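1. Could you work out the structure for the sequence below:
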Amino acid sequence: MAAAAGAIDEEVRRFAALGDEWWNAAGPMAALHRLNPIRLAWLRDAIVAHFGRDARGAAPPLAGLSVLDVGCGGGLVAEPLARMGAEVVGLDPAAESIAVARAHAAATGARLTYRAGLVEDLVAERARFDVVTALEVVEHVADLRAFVAAAAALAKPGGLILASTLNRTLKSFALAIVGAEYVLGWVAKGTHRWEQFVTPAELAAAFEAAGCRETARRGIVYDLPRRDWRLSADVGVNYFMAAKKL
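-> The predicted structure follows:
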């Protein structure tokens, strides 16, 4: 989960300590497990639309596309993307998380590659991918623009960068920190720091500075009557953003 150019050591250690709890749907990552179906659907739809694929065809929708999942943690997103046919590399600075991800992939038969390291490592290797994802990552980095620049450097020209994060609003403070951490107990206390949340304007500006153009923005809201997450025009708390590498 935590990974970045300028990764914050304390953030890396917190996620590294999760161990096998990454895949415990009732454990400390329960909120991500509940959110994962909508994250994966949005990722699939954004990638399919960008590359002109047919999500309803007989072939896996992401077949032949190379995907880098930055801050992959235990593999909650990387592994399902591989099952959609993508050639996935999961990257995380926490070797402990990578060990969990590899063990889970071995147990499930998922075919993908995991690496412990930073985005700068792959930039130095001149690696390039069709798609770069960074989900719930940018709010855990010390230098947003440095991270986005490094992530963008790993995307091929015309490629796609997909991010999700938390907006820095009073609403996000009330719901994501007070509500999720202290009232509902969805995530451990201290998981988030409100001052590190990233506004859509800040993320879009970082993309532009890195030679990318924002192509889509959607909010994620929790629908209390349905007790489930859904996409929305409301970006006041959680949101997705897609950008094309120019």
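
2. How is residue 27 assigned, secondary-structure-wise?
-> Following DSSP: H, G, I helix; E, B strand; the rest coil, the label given to residue 27 is coil.

3. and it, how many neighbours?
-> 13 (other C-beta atoms under 10 Å). All C-beta spots, glycine's among them, are computed from the backbone N, C-alpha and C.

4. Repeat that for the one 3 residues further on.
-> Residue 30 has 15 neighbours, counted by other C-beta under 10 Å.

5. Can you report phi and psi for it?
-> phi -60, psi -40 (degrees, to the nearest 10).

6. Also residue 211?
-> Dihedral angles (degrees, to the nearest 10) for residue 211: phi 80, psi 30.

7. Over to residue 21?
-> In terms of degrees, to the nearest 10, the main-chain angles of residue 21 are phi -70, psi -10.

8. Can you give me the separation between it and residue 152?
-> Separation of residue 21 from residue 152 (C-beta to C-beta, to the nearest Å): 32 Å.

9. When these two are compared, which one has more neighbours?
-> When residue 21 and residue 152 are compared for neighbours, residue 152 comes out ahead with 22 against 14, by other C-beta under 10 Å.

10. need the contact list for that one.
-> 132, 161, 207, 210, 211, 212, 243, 245 (C-beta atoms under 8 Å, 6 or more residues apart in numbering).

11. Give me the nearest residue to the spatially most central residue of the chain, chain neighbours excluded.
-> Residue closest to the mean C-alpha point of the chain, counted by C-alpha atoms, centre = their mean, is residue 135 at 1.3 Å. Leaving aside its sequence neighbours, residue 135 sits nearest to residue 164 (C-beta to C-beta, 6 or more residues apart in numbering; 4.7 Å).

12. That neighbour: what secondary structure?
-> strand.

13. try residue 47
-> With three-state DSSP as the basis, residue 47 sits in helix.

14. Residue 147 too?
-> Relying on three-state DSSP, one would call residue 147 helix.

15. what separates it from residue 55, distance-wise?
-> 30 Å.

16. what about those two, which has more around it?
-> Taking other C-beta under 10 Å, residue 147 and residue 55 do not tie; residue 147 has more neighbours (28 against 14).

17. got a pLDDT number for the more buried one?
-> With respect to pLDDT, residue 147 scores 96.

18. thinking it is in contact with residue 140, fair?
-> No. The pair residue 147 / residue 140 is not scored as a contact, 9.5 Å apart, by C-beta atoms under 8 Å.

19. How far does stretch 129-146 sit from its chain's centre?
-> Taking C-alpha atoms, centre = their mean, to the nearest Å, one finds the center of stretch 129-146 at 7 Å from the center of the full chain.

20. Many thanks, I have nothing further to ask.
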